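Visitor: 3D model of this:
(2 chains)
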Amino acid sequence: MLPRAKNDWTLEEAAHLVRRAGFGASPAEIRRIHELGRKAAVDSLLAPDEPIDAIPLPEWAGPERAIAERRERFAEMREARMAQRGMSDKEREEARRKMQREIRRESQQRLTSIGGWWFDRMMHSRAPLREKMVLFLHDHFATSAQKVRQPGLMLDQNQLFREYAFGDFRELTHRIALDPAMMLYLDTQTSKKGQPNENFAREVMELFTLGEGHYSEQDIKEAARAFTGYQLNRITGEVTHNERQWDDGAKTVFGKRGRFDGAQIIDLLFEQKAAAEYVPSKLWVYFVEDEAPQAIVKDLAATFRAGGFRLEPVLREIFLSRAFYDATVIRNQIKCPVQFVVQMCRELEIDDLPPGYVLAAQRELGQQLFFPPNVAGWDWGRAWINTNTLLSRYNTAGVVTKGAVNAEGVEDEGGSMMEMAAAGGGPGQQIVARLIKRSMDHWEGPDYDRIAPRSLRERPAELVEALIDRLFQADPGKKQRETFVEYARSKKGVVFTNHEVAELCHLMMSTPHYQLC
Amino acid sequence: MKTRREFLRSTVLGASSVWTVPMFVERTFADLHVGARDLATQAVTGKDDTILVVLQLAGGNDGLNTLVPYEDDAYHKARPRIRKDAKDLIKLSDGIGLNASMPHLGEMYKEGGLAVVQGVGYPNPNRSHFVSTSVWETADPLARSNTGWVGRYFDNACPGADPTVGISLNKTHPEAFGAMKNPGVSLSTPELYRWIHGGGEKAEAEAFFNSLNSPDAPVDGASIDEPPTGKVGGIAGESNLDFLERVAMDARVSSKKILELASRHRSSVNYDGTPIARSLNMVARMIAGKMPTRVFYVSHGGFDTHNQQINSHDRLLGQLDGALKSFFADLKAQGNADRVTVMTFSEFGRRVSENASNGTDHGKASCLFVAGAPVKGGLYGRYPSLTDLDKGDLKHTVDFRQVYATVLEDWLRTKARPILGKDYGRLGFMG
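Guide: Now for the predicted structure:
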């Protein structure tokens, strides 16, 4: 058990918990959580009062709706084939292409909408830690819509993560093995007796449960034979085990011999010592610091195993530990791009961001929800930052604060920026970029009258102090503070308009410090 | 009371005036004097240097269907459904054919500008994408090195170079660029590679911005030689904030230069709309704009063909071919063809036998391309046997570090040993 922090805590520690175990919050919300005390605050994060289905799925989604729709789709295709009977080869080919184009367009639209749906949830959810765990699990069991191509299945998987966010990780691994999106992503549904596909068998060991070095190539080959015969019904989304396609021979995995199927292999995985350490160690890195010290991993592993691989006790231990609130930990984590944008919105108390822009920003900054780069998920920490993504972050802040929008009558650089980003992408992307620009032009932006009341603007030092509280919740350093104040003074001039507050916020965010949480 | 302008001069900029002359520029001059004498390497002189483009085929390219041993019965037996026949190929030599999706590379081969290295791999191969990619990028078969092979080239052979000595067009910084001193920069759209801000009084806003994006204290010369940590070349013991400040500095300074030349050069050649074509187009523009870059890094993804690979694999190779065709035509039009060599790599090849999904699983040895006017074309290395296999995979006949050594010594003109740790011998494909 890790040494615990006492129940009394500072406002700064409360803000730290709110950032790491969630996506940050407004100063008022942080004060509210601080007043709860440390333990009650952690309890409330782990037992949110928001039901999993509190935020409705997009209207086309949900298992029943999806089944009905897949039925319709197949019926349409059948009809189309009938209708094409009298056609020439060329006409038939054209009709087929046209239909595929329509399906693609619709699917593309929906893929767009799910990225926006989840982002919106992160912005508004009263269960921020749950959403943060869903992001962890999405990265851990990385599945990309790029290959799966079925937005409904991606959403089903996302809801599965929500259901298990604090739950039994072993059970979740069983569920994931038979999750339609995962099966499509790692080719489980085409793996047959005699010609097993090793993709899932490898990743379930290397990336999902044990980590590199805790299994042999032979274990993978044998386990791949066990994971044969699982079939996905494309209409109902139902997964069945076809005994005839299953390799029912004896396999030797981790020194044990038996006529294993996939589920038995997963149980074997959780008998390995590494299984108790792997996920807790990743959780520590995700929530606390870039490296997980061995002693801490040992403690967390004991908790994980004793709790029957439930995530909740491990999370509670992390957030109540002294180590989590260490001075070297606070404000020393590089925000992932999604955290960067969601936290910015929460800090600026923005209610909604046009969904098109949300997606464009995710892409620019290198973390598009539902599109992890590969089965290992994203590279975290310093890997988020290079010269390109850092400038993109600064420019995203310029658009969201509206600080990069020029005064009226002058060319709008925030918009042309998006157009340029799409310039290489052909006419389709340029149209999209123009649409996004228009929606951003009409978007109101943060309510600066509330964030920076007029009375405060008379006193630049106090204004900066209030904004530091809001955007950093900690001291950003002497030089930074002085520069912000001087900039505010330089802006004071005749009138301190909302636009100038926006420019000040933009400058404050265009700093190395703002990349940390 | 001070005026705003006075303030700018006296405090913000005054306090950080040493940083208005960027760290690397200062280092450039000092190091050039010292370095050029001591090191048997060419100093970075800009527009006349040789340039290497590293082109990653991400996901594990199926070498057997790229360079096909079409007269080998074992090939046809192992791949009854996804095999290529002689008619699907561009014949390169007896029994060896190039996938016909690459007509331009076929032409280049005939004209002597394409080297194909066969059977490239490393001892005790790892079939994980991530580990094997690390092996290739760090040139360390145990994947334990913290620096990349290109980053070590920057550190060893390009003293005092500015950060644009290496430019990656990937969203994430490649591990190959991990360095102790200079890990290069990343960018995707030159026009956006700058701080875009609003309002009038631009110059002043920029002065504030510059001050905020300069390190608080000079980076300690001693700490900079510590081994770096992490994948992207951070320095050991450096906090995340120090790291961010260094990147911010590099971004700010390189942004000015790149922006200037991005507005100057437009290609006269048409490129396809594929991501790889766009990346190579940008590389060509930067070369035309006389960037002092020695190594560019671009990536072409999607080669993890476990499933229904025939169409997808051919399409990917076709995209590669189309992009390279435009790129080389562009270089020729610029008069820079003799300065540029492209080298491809992929983390591994694929299993000899096809799987049940008409695809192929992760394998071991594979082929790679070295292309460009300076290249001495032909087939190098030996095609691995398709019957003497290592657990169903090809055994490598060429160590990938021999390829790197050849490129380093004969193209980038530097000693390979300090970078690769050992002499691996050269393959002779550079003219």
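Visitor: grab the nearest non-local neighbour of the residue in the stretch 401-517 of chain A that chain B sits nearest to.
Guide: Closest contact between the stretch 401-517 of chain A and chain B, by C-beta to the nearest C-beta, is at A:P512 (3.5 Å). The C-beta positions use only the backbone N, C-alpha and C, and glycine is treated the same way. Nearest residue to A:P512, sequence neighbours excluded (C-beta to C-beta, 6 or more residues apart in numbering or on different chains): B:L244, at 3.5 Å.
Visitor: isn't that neighbour up against A:Y514?
Guide: No - using C-beta atoms under 8 Å, B:L244 makes no contact with A:Y514, being 9.4 Å away.
Visitor: could you check how many residues crowd around the residue nearest to A:G262 when sequence neighbours are not counted?
Guide: Among residues not flanking A:G262 along the chain, A:F227 sits closest, at 4.4 Å (C-beta to C-beta, 6+ apart). Using other C-beta atoms under 10 Å in any protein chain shown, A:F227 is surrounded by 27 other residues.
Visitor: repeat for B:L320
Guide: 26.
Visitor: tell me which helix or strand of chain B sits lowest on mean pLDDT?
Guide: The helix or strand of chain B with the lowest confidence, counting by mean pLDDT, DSSP states H and E, is helix B:13-15 at a mean of 28.
Visitor: and A:A292, how far is that from A:E171?
Guide: 24 Å (C-beta to C-beta, to the nearest Å).
Visitor: compare these two and say which is more crowded by neighbours.
Guide: Ranked by neighbour count (other C-beta under 10 Å), A:A292 and A:E171 place A:A292 first, with 18 against 14.
Visitor: so that one, which of the three states?
Guide: coil (DSSP: H, G, I helix; E, B strand; the rest coil).
Visitor: quick check: it vs A:I318, distance?
Guide: Where A:I318 is concerned, A:A292 sits at a distance of 11 Å (C-beta to C-beta).
Visitor: hang on, the residue of the stretch 401-517 of chain A closest to chain B packs against B:D250?
Guide: No - checked against C-beta under 8 Å, the pair A:P512 and B:D250 is beyond contact range at 11.8 Å.
Visitor: show me where pLDDT drops low in chain A?
Guide: A:406-430, A:493-494 (pLDDT under 70).
Visitor: which other helices and strands contact the longest helix along it?
Guide: If you go by DSSP state H, chain A has its longest helix at helix A:89-124. Helix A:89-124 is packed against helix A:63-83, helix A:128-140, helix A:151-163, helix A:337-347, helix A:355-365, with contacts defined by 3 or more C-beta pairs under 8 Å, 6 or more residues apart in numbering or on different chains; DSSP states H and E.
Visitor: what does the host helix or strand of B:A284 rub up against?
Guide: For B:A284, the host element (DSSP states H and E) is helix B:275-288. By C-beta atoms under 8 Å, 6 or more residues apart in numbering or on different chains, the residues outside helix B:275-288 that reach it are A:424-425, B:51, B:53, B:55, B:167, B:169, B:190, B:258, B:261-262, B:265-267, B:269, B:271, B:293, B:296, B:298-300, B:319-320, B:322-324, B:326-327, B:330-331, B:334, B:336, B:339-340.
Visitor: and the stretch 301-431 of chain B, which residues reach chain A?
Guide: B:304, B:306-307, B:355-357, B:359, B:361-362, B:391 (C-beta under 8 Å from any C-beta of the partner chain).
Visitor: what about the strands in chain B?
Guide: B:51-58, B:67-68, B:89-93, B:96-99, B:114-121, B:166-168, B:185-186, B:228-229, B:234-235, B:295-301, B:340-345, B:366-371, B:378-380, B:398-399 (DSSP state E).
Visitor: list the strands paired with the fourth one, with their directions.
Guide: With DSSP bridges as the test, strand B:96-99 is paired with strand B:67-68 (antiparallel), strand B:89-93 (antiparallel).
Visitor: relative to strand B:114-121, how tilted is the longest one?
Guide: Orientation note: strand B:89-93 sits at an angle of 90 degrees relative to strand B:114-121 (axes from the mean of the first three to the mean of the last three C-alpha atoms, to 10 degrees).
Visitor: report the contact partners of B:E137.
Guide: Neighbouring residues of B:E137 by C-beta under 8 Å, 6+ apart: B:148-149, B:174-176, B:178.
Visitor: sorry, back to before: anything in contact with each of A:A292 and A:I318?
Guide: A:W284.
Visitor: for the residue nearest to A:G262, grab phi and psi.
Guide: Per-residue torsions, A:F227: phi -80, psi 30 (degrees, to the nearest 10).
Visitor: which ones are touching it?
Guide: Applying C-beta under 8 Å, 6+ apart, we find A:F227 in contact with A:177, A:188, A:191, A:196, A:200-201, A:262, A:265.
Visitor: returning to what we had before: run a quick neighbour tally on the residue of the stretch 401-517 of chain A closest to chain B.
Guide: Residues contacting A:P512 under the criterion other C-beta under 10 Å number 27.
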